[in-house]
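A.B. asks: Quick check, what structure comes out for this input:
(one chain, ligands or ions: 1)
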Amino acid sequence: MLVLVIEDDDRLAKTLVKGLEEARYSAVTCRSVAEARRRLAAEPVDLILLDLGLADGDGLDLLRAIRREGLRIPVLIITARDAISDRVQGLDAGADDYLVKPFAFAELLARIRARLNRAEPQVSTRLEVGDLVIDVVTRRVTRRERVVELTPQEFSVLHYLALRAGKIVSREMLARDVWQVRSRATPLDNVIDVHISHLREKIDRGFDGPLIQTVRGVGFRLGGES
Ligand code: CA
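C.D. replies: I've put the predicted structure just below:
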C-alpha cells in the first residue's frame, strides 16, 4: 500500500513517513502541487494525505483537479484549518476524510485503515471508447493495442471528450474546463481546433471509423451518438 504524503512542512512530512513505514505502509512525500501532479502521473498510489497550504498552491485545487480527472484514490486532508466551513469545503472538494493538526498518529492510522478497507475499486481509472483505451492514472492511451503518444494538453482534451463520450462537447466547454478561460475568443477557438486536428491525426489516422466527430456549428463528439 503506497501512501502519498503531500506536505510542505519537512519535519511533519518526515514524522509521517516514519510512522507510516513503522505501520508497514510505503510512503513518499511531495512538497508542492506540481510535484504531486508529476508523482500521480508516474505511478498509482493507494491513498493521499493532503496538506492544504502548499508552497505553490492550495491543496483543495489539486484535490478538485484530480477528482475532475476521475481519480478516486482516497484523500485524507490534514490541515491546521479547523473551521467547520473549512471542513465542509474540503469534503465538498472530494476529500474522504479530514483531520485537524495537531492530531494523534494513532487516529491518523485508524482513519487510513478505515479508508483503505472501504476503498472502492478503481473502476473509473480506465476509460474505453470503441477500441480506444485511456488509462487515467498512467495517462497511457492505446487504440487497438497501438500506443498513442499525446502531449499533456492533448491528453486533457481527449480525457474530457472521453468522460462525455457520445455527447457533444462545445468549444465553450473546452475553453472553460480544459483551458480554464471564461470568455470565448477566436484565437482560443483556433487553438482548440488545432488540438482537435492533432488528436485526429494521432487517434484516427490509419483506422477506419473515425472516433472524433465534428458536429457542425456546435462542437465535437468522441465516439458514436449516445
Ligand atoms: Ca503547509
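A.B. asks: any idea what sits nearest residue 33, other than its immediate chain neighbours?
C.D. replies: Leaving aside its sequence neighbours, residue 33 sits nearest to residue 57 (Cβ to Cβ, 6 or more residues apart in numbering; 4.2 Å). For glycine as for every other residue, the C-beta is placed from the backbone atoms N, C-alpha and C.
A.B. asks: That neighbour: neighbour count?
C.D. replies: Residue 57 is flanked by 15 other residues according to other Cβ atoms under 10 Å.
A.B. asks: Look up phi and psi at it.
C.D. replies: phi 160, psi -170 (degrees, to the nearest 10).
A.B. asks: beta partners of it?
C.D. replies: residue 54 (DSSP bridges).
A.B. asks: from what I can see it touches residue 36, true?
C.D. replies: No - with contact defined as Cβ atoms under 8 Å, residue 57 does not reach residue 36; the gap is 9.7 Å.
A.B. asks: any low-confidence regions in the protein?
C.D. replies: 118-124 (pLDDT under 70).
A.B. asks: Return the residues of it in contact with the ion.
C.D. replies: For the chain, the residues in contact with the ion (Cβ under 5 Å from the ion) are 8, 51, 53.
A.B. asks: Turn the residues you listed into CSV, columns for neighbour count.
C.D. replies: Shown next, in CSV, are these (neighbours: other Cβ atoms under 10 Å):
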residue, neighbour count
8, 18
51, 22
53, 14
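A.B. asks: Now do the same contact list for whichever residue of the chain sits closest to the ion.
C.D. replies: Residue nearest to the ion within the chain (Cβ to the ion): residue 53, separated by 3.9 Å. Residue 53 sits next to 8, 59, 79, 80, 81 when contact means Cβ atoms under 8 Å, 6 or more residues apart in numbering.
A.B. asks: mind listing the strands in the protein by residue range?
C.D. replies: 2-6, 26-30, 47-50, 53-54, 57-58, 75-79, 97-100, 126-129, 132-135, 140-143, 146-148, 168-170, 212-215, 219-222 (DSSP state E).
A.B. asks: Neighbouring strands - and their directions - for the last one?
C.D. replies: Pointing back at strand 219-222 there. Here, using DSSP bridges, strand 219-222 pairs with strand 168-170 (antiparallel), strand 212-215 (antiparallel).
A.B. asks: care to break this structure down by domain?
C.D. replies: 2-118, 126-222 (automatic domain parsing).
A.B. asks: re earlier: point out the most buried one among the strands of the chain.
C.D. replies: strand 47-50 (a mean of 26; mean count of other Cβ atoms under 10 Å).
A.B. asks: other SSEs contacting that one?
C.D. replies: strand 2-6, helix 59-68, strand 75-79, helix 105-117 (3 or more Cβ pairs under 8 Å, 6 or more residues apart in numbering; DSSP states H and E).
A.B. asks: how does it look with 7 Å?
C.D. replies: strand 2-6, strand 75-79, helix 105-117 (3 or more Cβ pairs under 7 Å, 6 or more residues apart in numbering; DSSP states H and E).
A.B. asks: any idea of the angle the longest one forms with strand 75-79?
C.D. replies: Here helix 105-117 runs at 160 degrees with respect to strand 75-79, directions being taken by axes from the mean of the first three to the mean of the last three Cα atoms, to 10 degrees.
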